[in-house]
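Colleague: here is the input, now give the coordinates:
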Amino acid sequence: MKINTRKNASTLNTRYRVFSLRSLTSTSILIYLIISPNLLFGQTLTDQINEAIGLYETSQPSDASIILQTVLTSPDALQLPVDLRAKSYTYLAMSEWSLYRRIATEAAVISALELDAATFILYGDSWANENPTIIDSVANKRLVEAIFQYDEAEYTTSIERLITILPVERYISSNLASEIHKYLAFNFVAQRKRKLAQQEFQTALKFNPNLTLGDDASVAPKIRRTYLTIKDNTIQRSSRNAQIGTILRSLVLPGWGQIHRGNRLRGYGYLSMQTGLLTGSILSLRSYSQARDAYGRFGATDAVTIYNRQDDINEVKTELNHLYNNYQSKGQRANVFIGLLATVWAVNVVDAMWLSWRKDEVEFTTNSSPSGRLAMDWDQQSHRWQVQYTYTW
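Modeller: Numbering: from 1, shown residues only. Reported below is the predicted structural model:
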């Protein structure tokens, strides 16, 4: 019963498309011929298309729709370049949407995508961005049709329907895009195209990391094996990228990696310590530089001045020793600050590495459930991937 429903829905959708493109009544055509006699006297189809586009852009979607339907249903329409026909369907879709004709809009969008998706994006990009629901609806219907073809083992037809939607996946929801790539993978597995299937599973997981295959009773073992392989690779790649990102952040700014991974208290602690030690290092280096310069500038003139003032050579030695000791102590203090600065920086990096390893641990669990499922979820609290494979026995 389920398959018959899909088949009827698919057939009905096709009939709606044909009906919507040929829904212009003879009365409407007659009225248009009366008000636009140049249609009968030498105006080319290209001129009519440009006229319709001008009418749409001047907020006259009704007249634009009539002209475009007349052109696209004419016997000579197939002689037009593919990109021009796709452009016509694009503007027809936008005109019909302005007139609140959803079914006709969807039919025009599908026709434009089947002819030349690049042309549809070129002329309908802003419109599609402003009206993602219509693109989402078209993609969902194509997906339903493709699933029906997949269930009927018509894998090539199913792939063709799914590929039609790929150029506009930027406008649709992530979950729907993930489902499209998942069924592309299913079809490629059925055709024994393992590499293509793996690529589609990877793309599906990028759109939806929580992707599930569905009931294991209806999923072939070879599909599960391919999916498990991609899941494992995705987990490893995600874990590796997260670790590298955390470590690089901590290398650039101590505490940043810890904050990025969710341990704010530890991260701000490292950041505060590093800020204090950096300030201390700068000030101590400045003080050391001044003491060194003072010791280096001490010369014969200074010695004679002190000797003449005190009439004692020991005063000269005392002053010189004082400058030297001050210079040495300032240098030692600067070394301590720099050493502590480097130590905290190194400990921060090691801590970031350990934190990344601990946070990226993957937990595998097996629990019974009403139906077998395979899923991977990102736990926001523990910042870990949790992979669960449940099965019934």
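Colleague: buried ones in the one helix or strand Asp116 maps to?
Modeller: Per DSSP states H and E: Asp116 is located in helix 102-130. Using 16 or more other CB atoms under 10 Å as the test for burial, helix 102-130 gives 104-113, 115-117, 119-121, 123-124, 127-128. In short, each C-beta sits where N, CA and C put it, glycine included.
Colleague: from the contact counts, what lies against the following helix or strand past it?
Modeller: For helix 102-130, the following helix or strand on the C-terminal side (DSSP H and E) is helix 132-151. In terms of contacts (3 or more CB pairs under 8 Å, 6 or more residues apart in numbering; DSSP states H and E), helix 132-151 is packed against helix 2-21, helix 102-130, helix 155-165, helix 174-190.
Colleague: figure out which of those is closest to Ala93.
Modeller: helix 102-130 (3.6 Å; CB to CB).
Colleague: ok, and what's touching the host helix or strand of Gln258?
Modeller: Gln258 is part of helix 256-260 when elements are defined by DSSP H and E. Contact with helix 256-260 is made by 245-250, 264, 266-268, 270-271, 348, 351-352, 355-356, as judged by CB atoms under 8 Å, 6 or more residues apart in numbering.
Colleague: and the buried ones among those, selectable in ChimeraX?
Modeller: Listed next is the ChimeraX selection for buried residues among the contacts of helix 256-260, using 16+ other CB under 10 Å:
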select :246,247,249,250,266,267,270,271,348,351,352,355,356
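Colleague: among the contacts of helix 256-260, which are in helices?
Modeller: Among the contacts of helix 256-260, the members found in helices (DSSP state H) are 245-250, 264, 266-268, 270-271, 348, 351-352, 355-356.
Colleague: and the helices in the stretch 201-350 of the chain?
Modeller: 221-252, 256-260, 264-297, 300-310, 313-359 (DSSP state H, counting those that start in this stretch).
Colleague: what residues of the helix or strand hosting Leu92 count as buried?
Modeller: For Leu92, the host element (DSSP H and E) is helix 82-98. Under the neighbour-count criterion of 16+ other CB under 10 Å, helix 82-98 has 84-98 buried.
Colleague: now do it, average pLDDT.
Modeller: What helix 82-98 shows for mean pLDDT is 92.
Colleague: which residues sit against that helix?
Modeller: 20, 46, 49, 52-53, 56, 61-62, 64-65, 68-69, 71-72, 77, 80, 104-105, 108-109, 111-112, 115-117, 119-120, 123-124, 127, 131, 134.
Colleague: swap in stretch 295-305?
Modeller: With CB under 8 Å, 6+ apart, stretch 295-305 has contacts from Val316, Glu319, Leu320, Leu323, Tyr324, Asn326, Tyr327.
Colleague: re the thing from before, CA atoms only: put the helix holding Gln258 into CSV for me.
Modeller: Once non-C-alpha atoms are left out, helix 256-260 reads as follows in CSV (Å, rounded to 0.1, in the frame of the first residue of the first chain):
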residue,chain,number,x,y,z
TRP,A,256,42.1,29.9,24.0
GLY,A,257,42.1,26.2,23.2
GLN,A,258,40.6,25.3,26.6
ILE,A,259,37.9,28.0,26.2
HIS,A,260,37.2,26.7,22.7
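Colleague: what average pLDDT does it get?
Modeller: 82.
Colleague: what about Leu45, how many residues close to it?
Modeller: Leu45 sits with 19 neighbouring residues when counted by other CB atoms under 10 Å.
Colleague: wait, doesn't it sit right on Asp76?
Modeller: Yes - at 6.1 Å, Leu45 counts as touching Asp76 under the criterion of CB atoms under 8 Å.
Colleague: quick check, Val71 in contact with Asp47.
Modeller: No - with contact defined as CB under 8 Å, Val71 does not count as touching Asp47 (9.9 Å).
Colleague: between these two, which one's more packed in?
Modeller: Taking other CB under 10 Å, Val71 and Asp47 do not tie; Val71 has more neighbours (24 against 13).
Colleague: who touches that one in this structure?
Modeller: Contacts for Val71 were tallied using CB under 8 Å, 6+ apart; they are Leu45, Gln48, Ile49, Ala52, Ala77, Ser88.
Colleague: per-residue pLDDT of it, please?
Modeller: For Val71, pLDDT reads 91.
Colleague: angle of the helix or strand containing it against helix 82-98?
Modeller: Assigned by DSSP H and E, Val71 belongs to helix 61-72. Put simply, helix 61-72 runs at 150 degrees to helix 82-98, going by axes from the mean of the first three to the mean of the last three CA atoms, to 10 degrees.
Colleague: same list (the helices and strands packed on helix 132-151) but as TSV, adding distance to Tyr295 and mean pLDDT.
Modeller: Output for the helices and strands packed on helix 132-151, formatted as TSV (distance: least, CB to CB, whole Å; pLDDT from 0 to 100):
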stretch	distance to Tyr295	mean pLDDT
helix 2-21	91	43
helix 102-130	70	90
helix 155-165	78	88
helix 174-190	67	86
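Colleague: out of those, which is closest to Val144?
Modeller: Comparison of those against Val144 by CB to CB identifies helix 2-21 as nearest, at 6.5 Å.
Colleague: buried sites along the strand or helix carrying Asp47?
Modeller: Taking DSSP H and E as the criterion, Asp47 maps to helix 45-57. For helix 45-57, the neighbour count (16+ other CB under 10 Å) marks Leu45, Gln48, Ile49, Glu51, Ala52, Ile53, Leu55, Tyr56 as buried.
Colleague: likewise for stretch 194-212?
Modeller: Under 16+ other CB under 10 Å, the buried positions of stretch 194-212 are 196-205, 207-209, 211.
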